[in-house]
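A.B. asks: Show me how the following folds:
(one chain, ligands or ions: 1)
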Amino acid sequence: MKITMIGTGYVGLVSGACFADFGHDVVCVDKVAEKIQAIESGRMPIFEPGLDQLVANNASAGRLTFTTDLAAGVKGADAIFIAVGTPSRRGDGHADLSYVYAAAREIAESLDGPTVIVTKSTVPVGTGDEVERIVKEVRPDLDIQVVSNPEFLREGAAIGDFKRPDRVVVGTTGNERAIAVMAQVYRPLNLNQAPVMFTGRRTAELIKYAANAFLATKITFINEMADLCEAVGAEVQEVSRGIGLDNRIGSKFLHAGPGYGGSCFPKDTLALVKTGQDYDTPIRIVETVVQVNDLRKRAMGRKIVKALNGDARGKKVALLGLTFKPNTDDMRDAPSLAIVQALEDAGAKIAAYDPEGMEVAAPMMPSVAMMGDAYEAAAGADALVLVTEWDIFRALDLKRLAGSMNTPLLIDLRNIYPRTEAEEAGFSLIRVGGQGVTAG
Ligand code: UDX
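C.D. replies: Predicted coordinates for the structure are as follows:
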């Protein structure tokens with residue numbers, strides 16, 4: 001199969017490289033020449049484990065090529081994936097679809113035969129209809145099918161998620177050629193027994209938002225339970241385990257923490273809320289989730305100030321982890337941003353260490369001192385805050401850290417460290433949703 005991927009952002013680059021690894025012939029197109037040059041010379045625009053190797057292997061095998069020339073890139077393609085950005089529109093929170101529509105128009109203008117155009121970008125319900133209208137308007141002469149194929153990959157685990165997905169969702173208008181092409185595109189997944197679910201196009205578009213909103217709700221639910229646990233003297237980790245063992249609930253996405261961040265949950269929950277309002281069917285649960293999560297991030301800053309006896313002025317706080325989650329350099333909507341703001345407002349001085357995120361984070365938090373490792377960050381600090389659960393923070397030398405601090409106070413916002421371990425090392429420990437002590 002010849003596949004063209006428009007957009008070499010997160011989804012486009014990972015999907016393009018994985019399709020090539022499946023044996024398809026893939027061309028990745030991006031308007032930004034520097035980006036294409038960087039990728040071709042082995043420098044990835046994002047940090048994603050295994051991606052550089054995957055790109056290099058498939059590029060040298062000749063299955064994966066890159067170009068800035070969209071017209072050349074789409075010629076003869078069996079399927080053309082649109083994987084351009086859909087950021088939140090400034091001001092109103094709706095998804096900004098201008099890049100998607102511009103790509104659709106440009107693709108249509110350049111086509112030399114019938115093809116299938118697939119939206120992989122996360123797009124609100126009805127976007128496929130508009131893409132179809134645009135391409136038909138530009139090329140009434142060609143049979144162009146428009147399909148929705150939302151992406152569910154997680155940053156940091158994107159390649160594994162792409163190759164061994166829980167499911168693939170393909171939304172069509174029932175056209176047989178479109179269905180046949182998409183079945184062929186995903187045929188290599190048959191080996192992994194991943195279900196490919198064919199459904200309607202609008203349904204597929206909604207599935208993506210519903211999935212992300214549900215997961216965001218699950219996290220927010222357990223975060224509120226964590227607050228209640230703190231108030232009543234219960235343990236949220238045990239509550240998670242106790243409810244997660246019920247198969248109907250499931251154990252994943254029940255880790256209490258500083259609130260969800262990233263490029264998807266905040267943006268997609270907001271867009272779903274907007275869609276609901278537009279269609280006069282407000283999704284009130286998700287509206288609340290969005291509000292609760294926004295407030296939670298700053299509340300984590302207040303939690304830290306409270307741990308400093310309510311007075312952070314002139315005190316030094318060390319943050320471990322800045323990215324919204326481990327194994328990424330992504331800072332979008334990271335809880336650390338609101339935490340830093342709240343701490344600075346309270347007069348604290350902040351030092352931080354993150355294995356991959358400091359370069360991106362530095363301009364977003366200019367007064368934070370970026371340090372060489374966790375130990376440098378902690379030296380002389382009055383509080384050490386574990387914000388993002390990078391593996392490298394799971395086995396820190398707690399004695400050494402505690403010994404180097406002004407006040408050995410550990411605020412573990414990811415519940416990584418057991419109380420006994422922290423206290424034996426000399427720390428006083430504050431966690432999320434309880435003491436971290438279990439009876440029996
Ligand atoms: C998410 C979805 O998982 C993916 O399917 C979708 O396509 C894109 O959005 P991603 O944003 O990469 O992926 O990260 P994910 O691992 O899902 O974590 C999202 C946020 O939730 C992070 O801030 C994480 O720290 C938080 N989280 C996750 C929790 O606070 N608790 C949990 O139990 C799980």
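A.B. asks: and stretch 256-265, how far apart are its ends?
C.D. replies: 16 Å (C-alpha to C-alpha, to the nearest Å).
A.B. asks: swap in stretch 190-200?
C.D. replies: End-to-end for stretch 190-200, by C-alpha to C-alpha: 21 Å.
A.B. asks: Would you mind listing the outside residues contacting it?
C.D. replies: In this structure, residues lying in contact with stretch 190-200 by C-beta atoms under 8 Å, 6 or more residues apart in numbering are 163-174, 179, 182-183, 186, 189, 207. All C-beta spots, glycine's among them, are computed from the backbone N, C-alpha and C.
A.B. asks: what's the spacing between residue 319 and residue 18?
C.D. replies: Distance of residue 319 to residue 18, computed by C-beta to C-beta, to the nearest Å: 34 Å.
A.B. asks: Around residue 314, how many other residues sit close by?
C.D. replies: The tally of other residues near residue 314 (other C-beta atoms under 10 Å) stands at 9.
A.B. asks: is it true that it touches residue 343?
C.D. replies: No. Assessed by C-beta atoms under 8 Å, residue 314 is found out of contact with residue 343, at 11.9 Å.
A.B. asks: that older thread, which of the contacts of stretch 190-200 fall within strands?
C.D. replies: Among the contacts of stretch 190-200, the members found in strands (DSSP state E) are 168, 169, 170, 171, 172.
A.B. asks: so where is this protein shaky, pLDDT-wise?
C.D. replies: 440 (pLDDT under 70).
A.B. asks: where along it do the strands fall?
C.D. replies: 2-6, 25-29, 64-67, 79-82, 115-119, 144-148, 168-172, 196-200, 316-320, 349-353, 369-370, 383-386, 409-412, 428-431.
A.B. asks: Dump the second one to CSV, restricted to CA.
C.D. replies: Written as CSV, here are the backbone C-alpha positions of strand 25-29 (Å, rounded to 0.1, in the frame of the first residue of the first chain):
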residue,chain,number,x,y,z
ASP,A,25,5.3,2.5,1.5
VAL,A,26,5.0,5.7,3.4
VAL,A,27,5.6,9.4,2.5
CYS,A,28,5.5,11.9,5.3
VAL,A,29,4.7,15.5,4.3
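A.B. asks: so how many other residues sit close to residue 324?
C.D. replies: So residue 324, with other C-beta under 10 Å, has 27 neighbours.
A.B. asks: residues touching it, list them.
C.D. replies: 260, 261, 262, 330, 331, 332, 333, 334, 335, 336, 388.
A.B. asks: Surely residue 428 is in contact with residue 405?
C.D. replies: No. In this structure, residue 428 is not within contact of residue 405 by C-beta under 8 Å, at 10.9 Å.
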